[in-house]
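**Q** Mind folding the following:
(2 chains)
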Amino acid sequence: NAGVTQTPKFQVLKTGQSMTLQCAQDMNHNSMYWYRQDPGMGLRLIYYSASEGTTDKGEVPNGYNVSRLNKREFSLRLESAAPSQTSVYFCASSEGPARRQPQHFGDGTRLSIL
Amino acid sequence: DAKTTQPPSMDCAEGRAANLPCNHSTISGNEYVYWYRQIHSQGPQYIIHGLKNNETNEMASLIITEDRKSSTLILPHATLRDTAVYYCIVSYYTDKLIFGTGTRLQVFP
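**A** Numbering: from 1, shown residues only, chains lettered A, B, ... in the order given. Now for the predicted structure:
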């Protein structure tokens, strides 16, 4: 079972470059999420999509855009990368915005911006 | 969502029970307690959740005090593979989880 798949696993960018992080889930989940995790910190929610066709801002949305391409895929785009966006990015999915449904996480994308 | 307080680190001997505490004194009546863990640099893994009653699954047990202001995650027989950061999260909606810095559990031989 693949679960939540993130690509790429590692990426190095120069300041000002753009990039799209891809996420796909095969569990037929309705909701999907993007988090970032800085060293020694917990995860912080960037954006989430409660269902296909909807997206909402999380705690730290500035500098990012998202697209819920279909039920399976949720992408995160950095239009003009900045060093402050160096982080590990995690995608997650869950059955829905209903309460008590655990989130399932991918293995992360490690992004360095020089 | 209610805030949680966890010790930054704990040690546990392999084979012994690991008891990880969490304070959530401002929890409201309809908020659940969730536990996730993050092994090394992998994505977080769901462990267990509960509202009022104690809960048990194949991974762990969750003990919630009667006033719901604190809880304890119990790993009954810790192994080296349980070394991880454990996050206690209180939330009404599972689409808005707030991860703090968690407790770093080190299981030693």
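**Q** Just the buried positions in the strand or helix carrying residue A:76, please.
**A** Counting by DSSP states H and E, the element that carries residue A:76 is strand A:74-78. Within strand A:74-78, the residues scored as buried using 16 or more other CB atoms under 10 Å in any protein chain shown are A:74-76, A:78. From N, CA and C alone the C-beta is placed, and that goes for glycine too.
**Q** Which member of these is positioned nearest residue B:52?
**A** residue A:74 (33.6 Å; CB to CB).
**Q** How about the closest one, nearest residue that isn't a chain neighbour?
**A** residue A:32 (3.9 Å; CB to CB, 6 or more residues apart in numbering or on different chains).
**Q** That neighbour: neighbouring residues, count only.
**A** 29 (other CB atoms under 10 Å in any protein chain shown).
**Q** Okay, strands next: where are they in the chain?
**A** With no chain named, the answer covers chain A. For chain A, the strands defined by DSSP state E cover A:4-7, A:10-13, A:19-25, A:31-37, A:43-49, A:56-57, A:65-68, A:74-78, A:87-94, A:104-105, A:109-113.
**Q** Please refer instead to chain B.
**A** B:9-13, B:18-23, B:32-38, B:45-50, B:55-56, B:61-64, B:70-75, B:84-91, B:103-108.
**Q** what's the neighbour count on residue B:23?
**A** Residue B:23 is flanked by 17 other residues according to other CB under 10 Å.
**Q** wait, doesn't it sit right on residue B:72?
**A** No - between residue B:23 and residue B:72 there is no contact under CB atoms under 8 Å: 10.4 Å.
**Q** Report pLDDT for residue 94.
**A** Went with chain A since none was named. On pLDDT, residue A:94 comes in at 91.
**Q** if you could check chain B rather than the one you did, that'd help
**A** Residue B:94 is given a pLDDT of 68.
**Q** re the thing from before, quick check: the gap between the residue nearest to residue A:74 and residue A:71.
**A** Distance, residue A:32 to residue A:71, using CB to CB, to the nearest Å: 9 Å.
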